[in-house]
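# Fold the following and give me the result.
(3 chains)
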Amino acid sequence: MSVDARDARVFFVDPGRCIGCQSCVQACTECDTHRGRSMIQLDVLDRARSPQTAPVVCMHCESPTCAEVCPADAIKRTEDGVVQSARKPRCIACNNCVLACPFGVPKMASSLDLMMKCDLCYDRTSVGLKPMCASVCPSQALAYLTPDELARLRPAARPVNTFRFGAQAITTKVQVLVPRGAPVEVIDVTAAMHEPSLGHEVAAEVFDAVLEGADAPEGRS
Amino acid sequence: MSPEAARSVGWGAAATLAVTVLILVGSRNLAHFDAALVAYTFAVLFATFGLAYRYTMWLQRPPTALYWRRGWQAFLQPGAWLGNLASWTTRFASDVLANAFILRRDRSRGVAHLLIMWGCLIAVAITFPLVFGNLHFRAVPGDLSRYEAMVSGFPAFRFEHGSMVGKFLFHGLVWASFLVLAGVMLAVRRRVREQGAGAVQRFAEDFMPLILLFAVSLTGLLLTASYTWMYGYGYTFIAILHAITVIGTFLWLPFGKLFHVFQRPAQLGVRFYKDAGRAGEPALCRRCGHAFSSRMHVEDLIEVERKLGYTYEVADGEVRHYQWICPRCRRASFVTAQSLLWQGTRGGGSLEGSGALPMPRYANPGEGAGPLGAEDAENYHP
Amino acid sequence: MSDEQPPEGSAPAARRWPEPPLELETIRRFGPHRVDARSARLTAARADERLVKTHCCFCGQQCGVQLVVSGETVVGVEPWYEFPFNQGMMCPKGVKRYLQQSHPDRLLRALERDPGSPGGFRELGYERAIQRVAGEIRRLQERHGPECIGMLSGASLTNEKAYLMGKFARLALRTPYIDYNGRLCMVSAGSGNKKAFGVDRAANPWSDLLGAEVVLVSGANVAECAPITTNYIWQAREHGARVIVVDPRLTPLARTCDLFLPVRPGRDTALFAGMLHLMIEHDWLDHEFIERHTVGFEAAAAEVREWTPRRTAEVTGIAERSIVRAAELWGRAKTSFLLHARGLEHHSHGVKNVLSAINLVLASGRIGRASCGYGTITGQANGQGGREHGQKCDQLPGGRDISDPEHRAHVAAVWGVPVEAIPGPGVDAYELIRRIDRGEIKGLLSLCFNPLVSLPDSGFVRQALQKLEFFVAIDFFLSETARLAHVVLPGSLQEEDEGTITQVEGRVIRVRKAVSCPGEAREDWRIVQDLARALDRAAGFSFTHPREIFEELRRASKGGVCDYSGITWEQVERELGVFWPCPAEVPPGARRPAANGTPRLFEPGSWNPIARGAGPFFFPDGKARFHATPHTGPAEDTDDAYPILLTTGRVVSHFLSGNQTRRIGPLIDHFPEPRLEIHPRLAERLGVADADWVTVESRRGSCTLQAWVVRTIRPDTVFVAYHWGGRRSINQVTNSAQDPISKIPEYKACAVRLRRAEGPPEHAQRLEPQQ
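As a prediction, the model looks like this:
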């Protein structure tokens, strides 16, 4: 197998680093293949409790469910493992891929009768440039690194690229970073389905007397 | 040979046979068949086999088969015929005839497509009957200024030599070529000038059809030029060249990008399927409880995924199948799963709260696209 | 500011100043209108584009970017991977900034106030506008003396412009009254740094964050206000750092920090006193460093003796165990980095806050070495450079003191004027407004400053500005403040001029011209030179290129604390930035600065022009200073009438007064209008639900906005972002109390009361969110 410059780098995702700044969203809309539309899925998980945000890009599955359930053969996987956005002449906007993608990635542009999704900035990565979102991401929750860079910049992390959804295991080209010491080879997504978001409970860190004051009718400290 | 392939070969053979019979009947047992066009006829027969074979293969893929079945079911629903026929007509007009959705995707792309599509349609409408021998012209007996069109050997209508009808019939191919050439040039210009188009295109997929259409149109025009202005100079050579380009296009039809001509009408079926879904029961996400699609669509997808060999079944009694989780809850679960692994390494803990699990919201309210935006209400997301 | 408050016990007036006008006509003509990529750039990228390596125009991080330019239009942005600070990273403002350049609101011609014209202004030829401005200034100065003219400038200007503005005010306007909007930004840090270290610059490059065992971030919403710094902090954590965040809100950075200290606004000094108390108690001190390199430890130690964890907890409102844990983490670390920003500095005791933070650094001895650092995160583009070269009211180029005869003589020689020609010290920006209010200053020239949005108690500011006999503003968009001007001169955007900027780490970088000024707009330095010429005071204002200004700046800064004399534009380009101090000459035996200047300050054995080899710090004895910093709360604390604390700040998609970002569609969509963050406990008590309209009132003014009920803020505090003008401006409510030393206003704490509003206010129905 030949290894050229683009194979040397891997897309890593560490959603725990995300600060929700939307640089990725804004940068994605700058791409010439889908100008004005972002392919990044960035959700605020539970703003009432925590500022946690969830950046999700296409994980580029080895056997992509989206492509398999497409009735129009519109989604293709390139030889280098990039699952491309729907072919324009073929996509019939049936929404199968949107519903079936285990990561919830594809977006349906209803007015265009076209599914659009992240294609790993094929225009950039195919000529050796970093994808736009991983270039700009200020927290580097989205990062495009060589193995050497990963080892140097993320000594506490280790990549995993197999995920479990119910009984189904899915392996992807994009890799997720987990703690180096964590004894996981597979990330069980469905097991975390009913877990709440993460953060600090502000009130828990506040001096008790202050809280009592806040609850009192004439409350002040 | 797999059963699917065998079935496809059968359908391919049947379609080829049917076209052959039609040619024989239409040309009155080849009585009006133009022998010079025999190569074309065989190319068409080969293409017919290829198209039928590929179409059948395609229809047997689980998702396509399901959509095919469900699309027709939705269309032929008792009591909805008339309404469906009416909406089919408007949808056919706007999607197929007017390319409205392509124009919305990109104006220049839409204009190029309209030109190429209509050029090809006109050319096909004129040449196919001629090639199959079910259309030919003869002078009206006793009236040298008028022609009579013969369809399958029967006189159909008469027209003046210099009338509009006459001009269209005799020069229609020239006009069609100009439409195609203009469309091809627009398409090439777009592909060369726009980085976006340039980034994802590939030769076989995107330039090959343009080159073929360009060659067919150009050699066809040269034929006209040769006999109109050049006293037939090089006519035979050009005719052979034209034949090669046309035959090449036919042979390539089942394999390349142009196959979308036959796939595309499925879009109309999808619309009826979505209509039926909207009228029926919604699917409620088994994490957040919100409607995110039609129940029919989710159940159908579960069936398709099983046929494809996926095992998204969830042991959790309430969820049962991962397909019952809406896309945004999938994203939230994925991110939460990763974050949980870092607990203990990074600060912060689980923020337990009362009540239902929170529903994630798309971060940028102005970025409507996607399964949360207003734009996607069409796709039945809350 | 007791004169600003009604007597104790009396029922306070609901509104002290009239409500700001809606200005519908002006907004219809001059915006802020939104512009989107889809309308600005209809066709996709073309081959005839070029890339210009420059920097983002917004915050002090100054990320390297490449602007994509087609002809005279900036059409996009491309990461500049080679620039060492951000390596291609950008925040959303940087990504969408290109949309400002071809904006329909852009001022292309000079404007003159004319109530009869649509929007209140008529166009005016540039030359005539210059003549009119010069004529008015001359008329006022002949009648009232030179000191009747004031000037307000800004910290987003290049070093060259900032330098020229200081010189222009002193020599062409001949007034002492110039100050700049860094007064609202970094002055507390600057004063604190000077008092403790003798020099005002982040002590370390950000790369020193790597390897720090503890990173203490105080009053800095890094994720939103300095997003690129996030990666440095996460990387430090990846290398084992523990992260402590001090903030009344659970910011995105605080969400996964190791220790979160939700301090009650205005109590930072108490927190640091409590931590130093514990460090002393447990002897987590670097005695050798304190002995050899500092003075004043005993006084500081005496001051914190009373600050037991219990008392600290009572005052700061932070749980006692968290305070103990913080002191332990900080005290026991071998390497560390302390970062702070406006949350610590925007207080009437901002300098004390900074000094008490520095006490922690000095007591640990962790400074001047790799992975041992301290720094303030500058806010504005040239927050660093803009505060060094003479546009501050009491300062001359090179960080020199305008009252120091030696300093005056040096600069007078460079300028070629007698020493007496340089006026004495002026007053800070807010005091300048007060003098306008009192009628002492009658004419004002302002550029790169939008005081009507950015100054506290904006009702006062508005009525003061309305008293001006003549007000000229230089701006590229008609800002809220410029709407009050008599003449508006069309200035330049950052991408329309050459120059240098000094970013957050003290690194001097190059800003490049991507396009020319459109219409009759001019580079700001040309405009003030044209004014000097029209005033017949052209001597010293005949520069033809920013580079010539930089050459003069080098000479003017030579020998000063902020010494740029050894920096050339070529070197800046070659090294991708040069850290000052970078003197052209050093005495024999002293260490020369490296090719990229001096990235890290206070290294053992380093030389500086004050200590002259006596030690690493910028005092004659070469030693750093501890300061005793007795705790004082906010100037206006809560009481029965106003029982809730209001604190203000920024969001990631907007920049400062929003004059630029509130015109960029995708950034508006990200955060369309201000909302009031409120804890559910408080909301429940007030009967307020999420998205309800609430009125927040102080003794100065009120503002009605939608509630955002979130558990990520202290239950006794509410937060509003300040990027909006008019009736959406939270600065109608904030307090203009200032720090006695730095004169920074107290944006971060004032007393308010809340009530549920009946429904949406008038402006919400008649104006777009960004307007």
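# Any residues of the stretch 1-150 of chain B in contact with chain A? List them.
Neighbours of chain A within the stretch 1-150 of chain B, by C-beta under 8 Å from any C-beta of the partner chain: B:58, B:61, B:63-64, B:66-67, B:95, B:101, B:104-105, B:109. In short, each C-beta sits where N, CA and C put it, glycine included.
# Can you tell me which of those residues end up in helices?
B:58, B:63-64, B:66-67, B:101, B:104-105, B:109 (DSSP state H).
# now the residues you listed as a markdown table including distance to residue B:194?
Output for these, formatted as a markdown table (distance: C-beta to C-beta, whole Å):
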| residue | distance to residue B:194 |
| --- | --- |
| B:58 | 31 |
| B:63 | 32 |
| B:64 | 32 |
| B:66 | 37 |
| B:67 | 32 |
| B:101 | 19 |
| B:104 | 17 |
| B:105 | 13 |
| B:109 | 10 |
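# Among those, which one sits closest to chain C?
Chain C has its nearest neighbour among those in residue B:109, at 11.1 Å by C-beta to the nearest C-beta.
# In contact with the closest one, which residues?
A:88, B:102, B:187, B:190 (C-beta atoms under 8 Å, 6 or more residues apart in numbering or on different chains).
# List the contacts of the second one.
Applying C-beta under 8 Å, 6+ apart, one finds that residue B:102 lies in contact with B:109-110, B:113-114.
# Pick the one among these closest to residue C:563.
Nearest to residue C:563 out of those is residue B:109 (C-beta to C-beta; 59.2 Å).
# What is the longest strand of chain A by residue count?
The single longest strand within chain A, with elements called by DSSP state E, is strand A:168-179.
# quick check, the next helix or strand after that one touching chain B?
Next in sequence after strand A:168-179, counting helices and strands by DSSP states H and E, comes strand A:187-188. Yes - for strand A:187-188, a contact with chain B is found by C-beta under 8 Å from any C-beta, at A:187-188.
# Which neighbouring elements make contact with strand A:187-188?
Applying 3 or more C-beta pairs under 8 Å, 6 or more residues apart in numbering or on different chains; DSSP states H and E, we find strand A:187-188 packed against strand A:157-165, helix B:327-342.
# for residue C:403, what are its contacts?
Residues counted as contacts of residue C:403 (C-beta under 8 Å, 6+ apart) are C:394, C:424-425.
# Drop anything exposed from those residues.
Neighbour-count burial (16 or more other C-beta atoms under 10 Å in any protein chain shown) applied to the contacts of residue C:403 gives residue C:394.
# of all the contacts of residue C:403, which comes closest to chain B?
residue C:394 (42.8 Å).
# Spatially nearest residue to that closest one (excluding sequence neighbours)?
Spatial nearest neighbour of residue C:394, excluding adjacent residues (C-beta to C-beta, 6 or more residues apart in numbering or on different chains): residue C:425 at 4.1 Å.
# that's a helix at that neighbour, yeah?
No - Residue C:425 is assigned coil when assessed by DSSP: H, G, I helix; E, B strand; the rest coil, not a helix.
# wait, isn't it in contact with residue C:402?
Yes - at 5.1 Å, residue C:425 counts as touching residue C:402 under the criterion of C-beta atoms under 8 Å.
# Overlap in contacts, these two.
C:393-394.
# what residues are up against residue 192?
Went with chain A since none was named. Residues near residue A:192 by C-beta under 8 Å, 6+ apart: B:333-334, B:336-337, B:340.
# my bad, the chain I had in mind was chain C
Contact analysis of residue C:192 by C-beta under 8 Å, 6+ apart lists C:350-351, C:353-355, C:357-358, C:742.
# Mean confidence (pLDDT) on the helix or strand hosting it, please.
Applying DSSP H and E as the criterion places residue C:192 in helix C:187-197. The pLDDT scores in helix C:187-197 average 96.
# partners of the helix or strand following that helix, with directions?
As assigned by DSSP H and E, the chain's next helix or strand after helix C:187-197 is strand C:214-218. Strand C:214-218 has its sheet partners listed here by DSSP bridges as strand C:242-246 (parallel), strand C:336-340 (parallel).
# Could you give the number of residues near the spatially closest residue to residue B:308 that is not a sequence neighbour?
The shortest distance from residue B:308 to any non-neighbouring residue, by C-beta to C-beta, 6+ apart, is to residue A:68 (5.1 Å). Residue A:68 has 21 neighbours, counted by other C-beta atoms under 10 Å in any protein chain shown.
# Report the contact partners of residue A:68.
When contacts are counted by C-beta under 8 Å, 6+ apart, residue A:68 touches B:63, B:308, B:310.
# Next up, the contacts around the first one.
Under the criterion of C-beta under 8 Å, 6+ apart, the contact list for residue B:63 reads A:68-71, A:96, B:304, B:308.
# from the residues of the stretch 1-150 of chain B next to chain A, which would you call buried?
Buried by 16+ other C-beta under 10 Å: B:58, B:61, B:63-64, B:66-67, B:95, B:101, B:105, B:109, out of those.
# Just give me the residue closest to the centre of chain A.
Nearest to the mean C-alpha position of chain A, by C-alpha atoms, centre = their mean, lies residue A:56 at 2.0 Å.
# Sorry, slip of the keys, the one I care about is chain B.
Against the mean C-alpha coordinate of chain B, by C-alpha atoms, centre = their mean, the closest residue is residue B:264 at 2.1 Å.
# before we move on, back to that, tabulate the contacts of residue A:68 (JSON lines), appending distance to residue A:206.
What follows is these, written out as JSON lines (distance: C-beta to C-beta, whole Å):
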{"residue": "B:63", "distance to residue A:206": "54"}
{"residue": "B:308", "distance to residue A:206": "53"}
{"residue": "B:310", "distance to residue A:206": "48"}
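# Go through those and name the one nearest residue C:445.
For those, the nearest to residue C:445 is residue B:63 (69.4 Å; C-beta to C-beta).
# What residue, apart from its backbone neighbours, is nearest that closest one spatially?
Nearest non-adjacent residue to residue B:63, counting by C-beta to C-beta, 6+ apart: residue A:71, 4.1 Å away.
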